[in-house]
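Trainee: Got a predicted structure here, sequence first:
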Amino acid sequence: MEWEKLLCADRIRPNYSKPGGSGDMRTEYEKDYHRIIGSASFRRLQDKTQVFPLDNSDFIRTRLTHSLEVSSFCKSLGQNISQKILNEKKDESFLPEYQGYICDILQCAGLLHDIGNPPFGHFGETAIQDWFREHLPEIPFPEAGGGPKSVSDGEGKASNPVSPEKAGTGRTLDKVLEPQMLEDFYHFEGNTQAFRLVTKLHYLVDTNGMNLTKALLGTIIKYPGSSLEIRKTGHIKYKKMGYFYGDREVFWEVQKSLGTNGNRHPLAFVLEAADDIAYKTADIEDAVKKGCISYYRLLEELKLYGEHIPEEKRRDYGKYTESLEHKYERARKRGLQQAEMNAVQNWCVSVQGWMINDATSCFVDHYEEIMDGSYGSRGEDLFHGTTGHYLMEALGDIAFRYAFCSKAILKLEIAAQSIFDFLLEKFVDAAVNYDTDRKLTAVQEKMMALVSDNYKAVYRHFSEGKSPVEKLYLRLLLVTDTVCGMTDSYAKRLYQELKGID
């Protein structure tokens, strides 16, 4: 891969204006930033759960504050990595001006990385997956006829023809949908939805979404594979899916322009590292603030974990626990009433700095592998081989046992499951018959009236001329588009209103 192509500033809909034209001195990447922060989708993140249920506390993080933190870490990593590449002369083709471009792209990517997530945290993804797995085998296909029609794979080649019998009636949706269409719902993913949102659903001018630069689009694709390529082991790029079947054309256009050809964009590794740094430290900080775990228990757990790591890494690992103890003693000597909380907060800041240094070193040390697409073949991220890898594992395990299993979160997930089950049932029931020869019931018409006019316009545009099966698939995506576009408060309120709950 080559940086000249990886930093492609082209857009899906060509932008004919030049920097400096009409007095606008911004680069194309700086324009991306303003498009993102001015969008309603970005603003909605302020009312979406990160981990803990939204409450009256100003301390607990939302998706919005988390995204701002990730954006900040992204920029810091971009600066450090670029400077290190230049200082060590790792790549003669890496020009000094690329540093600024990379920082701008990564800053935007941090803002976008969670923009497609459904309400109620990552549990929302699981709730959507579970609902489709359970109910698609029960819902009959409403349309008859249609005849054979070829569908194309990601590169435009004919594959998986829709047979006449599949287009017939009397079969359930799981038997009608093509394999990739089906797996898209069974493995539904917020990052994939983010790509869909910014390339299509943000209908401000047309169906090109925010019409962002291809460099930015490539960076936010963490997993450049389809839902049929997901593997539990092997290359990290196949850990989850990166694009929906319905978005395959724009995905491959981006890949071709960037020269990634199915590989991860190098900056996707950086975005992933920034996300990991942000949420691993924030989850611990929030857990202490919420009383899920104390300073003393955190210290004890970190020391216990250190006893099980390779001996050659234990001494370096010891700096983490020593630092936490030192910060507590300093806070106690200052006479702070919340010395424990102060120590944890200051310690998390130090951890973030260490992790940025580790990720920077790892990227540069494995630069050639990252650039040829081979890095990550065994699931490696930018903490692989560093002492920070063990701390990140420890923080994740501690957060899971003390925070993610807390009663507050368990209650949220139980309530969220009821909300998702109800809304998906009602919207899918209406969407299956929408835009067919079948007459909708009064309730179904009302449910479709609740769907965004912009989303329905996107559906009409991309469903034109498609087979009955692909139209059905796009209508199911219309449902997930609608649900993922909801904030926590709106989803809860809509559920209560439709259920008649005062």
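Mentor: In hand now; what should we look at? Numbering: from 1, shown residues only.
Trainee: pLDDT-wise, which helix or strand of this structure ranks last?
Mentor: strand 149-152 (a mean of 37; mean pLDDT, DSSP states H and E).
Trainee: Burial check on the nearest residue to residue 413 once chain neighbours are set aside, number of neighbours?
Mentor: Of all residues not flanking residue 413 in the chain, residue 123 sits nearest, at 4.7 Å (CB to CB, 6 or more residues apart in numbering). C-beta: built from backbone N, CA, C; applies to glycine. Other residues within reach of residue 123, judged by other CB atoms under 10 Å, total 20.
Trainee: How far away from the center of its chain is the helix or strand harbouring residue 126?
Mentor: Using DSSP states H and E, residue 126 maps to helix 123-135. Relative to its chain's centre, helix 123-135 lies at 17 Å (CA atoms, centre = their mean, to the nearest Å).
Trainee: What helices and strands are in contact with it?
Mentor: When contacts are defined as 3 or more CB pairs under 8 Å, 6 or more residues apart in numbering; DSSP states H and E, helix 123-135 sits against helix 179-186, helix 407-433, helix 468-484.
Trainee: Pull that helix out as CSV, backbone CA atoms only.
Mentor: Extracted in CSV, the C-alpha atoms of helix 123-135 (Å, rounded to 0.1, in the frame of the first residue of the first chain):
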residue,chain,number,x,y,z
PHE,A,123,-25.8,-4.8,24.0
GLY,A,124,-27.9,-3.2,21.3
GLU,A,125,-25.9,-5.0,18.7
THR,A,126,-26.4,-8.4,20.4
ALA,A,127,-30.2,-7.7,20.8
ILE,A,128,-30.5,-7.0,17.1
GLN,A,129,-28.6,-10.2,16.2
ASP,A,130,-30.6,-12.3,18.5
TRP,A,131,-33.9,-11.0,17.3
PHE,A,132,-33.2,-11.8,13.7
ARG,A,133,-31.8,-15.2,14.4
GLU,A,134,-34.9,-16.1,16.3
HIS,A,135,-37.6,-14.5,14.1
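Trainee: relative to helix 468-484, how tilted is that helix?
Mentor: When axes from the mean of the first three to the mean of the last three CA atoms, to 10 degrees is applied, the directions of helix 123-135 and helix 468-484 differ by 150 degrees.
Trainee: And residue 444, how far from residue 475?
Mentor: Applying CB to CB, to the nearest Å, the value for residue 444 to residue 475 is 12 Å.
Trainee: contact partners of the helix holding residue 126?
Mentor: With contact meaning CB atoms under 8 Å, 6 or more residues apart in numbering, helix 123-135 is reached by 117-118, 120, 185-190, 412-413, 416-417, 420-421, 424-425, 428, 476, 480, 483-484.
Trainee: and it, which residues are buried?
Mentor: Of the residues in helix 123-135, 123, 124, 125, 126, 127, 128, 130, 131, 132, 135 count as buried by neighbour count, 16 or more other CB atoms under 10 Å.
Trainee: same thing with stretch 220-234?
Mentor: So stretch 220-234, judged by 16+ other CB under 10 Å, has buried residues 220, 221, 222, 223, 224, 225, 226, 227, 229, 230.
Trainee: Leaving out chain neighbours, which residue sits closest to the fifth one?
Mentor: In space, not counting the residues next to it along the chain, residue 224 is nearest to residue 242; the distance is 4.8 Å by CB to CB, 6+ apart.
Trainee: Would you agree the one you found falls within a helix?
Mentor: No - when DSSP: H, G, I helix; E, B strand; the rest coil is applied, residue 242 is found to be coil, with no helix at that position.
Trainee: Do you know the pLDDT at it?
Mentor: According to the prediction, residue 242 has pLDDT 95.
Trainee: what does the one 4 residues further on give?
Mentor: pLDDT, residue 246: 96.
Trainee: count of neighbours near it?
Mentor: Using other CB under 10 Å: residue 246 sits among 22 other residues.
Trainee: can you check residue 109 too?
Mentor: 33.
Trainee: That one and residue 219 touch, don't they?
Mentor: Yes - Residue 109 lies in contact with residue 219 (CB atoms under 8 Å); the separation is 4.4 Å.
Trainee: Next, show the common contact partners of those two.
Mentor: Common neighbours of residue 109 and residue 219 (criterion: CB under 8 Å, 6+ apart): 267, 271.
Trainee: where are the low-confidence patches of the chain?
Mentor: 16-22, 51-60, 143-169 (pLDDT under 70).
Trainee: Recalculate using a threshold of 50.
Mentor: The chain contains residues with pLDDT under 50 at 145-168.
Trainee: Can you tell me the centre-most residue of it?
Mentor: residue 191 (2.8 Å; CA atoms, centre = their mean).
Trainee: Any figure for the gap between the closest residue to it other than its chain neighbours and residue 490?
Mentor: Nearest residue to residue 191, sequence neighbours excluded (CB to CB, 6+ apart): residue 222, at 5.4 Å. Distance from residue 222 to residue 490, counting by CB to CB: 27 Å.
Trainee: Ok, residue 297 next?
Mentor: 37 Å.
Trainee: Now do residue 400: how many residues are near it, please.
Mentor: Based on other CB under 10 Å, the number of other residues close to residue 400 is 11.
Trainee: The one 4 residues further on too?
Mentor: When counting by other CB under 10 Å, one arrives at 19 neighbours for residue 404.
Trainee: residue contacts, the residue nearest to residue 115 when sequence neighbours are not counted?
Mentor: Among residues not flanking residue 115 along the chain, residue 194 sits closest, at 4.9 Å (CB to CB, 6+ apart). Shown in contact with residue 194 (CB under 8 Å, 6+ apart): 112, 113, 114, 115, 116, 117, 220.
Trainee: in what helix or strand does the fifth one lie?
Mentor: Assigning secondary structure by DSSP H and E places residue 116 outside every helix and strand.
Trainee: From residue 202, how far out is it?
Mentor: Relative to residue 202, and taking CB to CB, residue 116 is found at 11 Å.
Trainee: Please apply the same query to residue 359.
Mentor: Distance, residue 359 to residue 202, using CB to CB: 30 Å.
Trainee: Looking at these two now, which is surrounded by more residues?
Mentor: Taking other CB under 10 Å, residue 359 and residue 202 do not tie; residue 359 has more neighbours (27 against 24).
Trainee: That one against residue 273, yeah?
Mentor: Yes - counting by CB under 8 Å, residue 273 is a contact partner of residue 359 at 4.1 Å.
Trainee: so what sits against both of these two?
Mentor: Counting by CB under 8 Å, 6+ apart, the residues touching both residue 359 and residue 273 are 77, 382, 383.
Trainee: Double-check that the last one belongs to a strand.
Mentor: No - counting by three-state DSSP, residue 383 is not part of a strand but coil.
Trainee: What's the separation between the closest residue to it other than its chain neighbours and residue 29?
Mentor: Sequence neighbours aside, residue 389 is the residue nearest to residue 383 in space, at 4.3 Å (criterion: CB to CB, 6+ apart). From residue 389 across to residue 29, the span is 31 Å (CB to CB).
Trainee: neighbour count winner among those two?
Mentor: With neighbours defined as other CB under 10 Å, residue 389 and residue 29 compare such that residue 29 has more, 22 against 19.
Trainee: Could you check how far that one is from residue 224?
Mentor: 21 Å.
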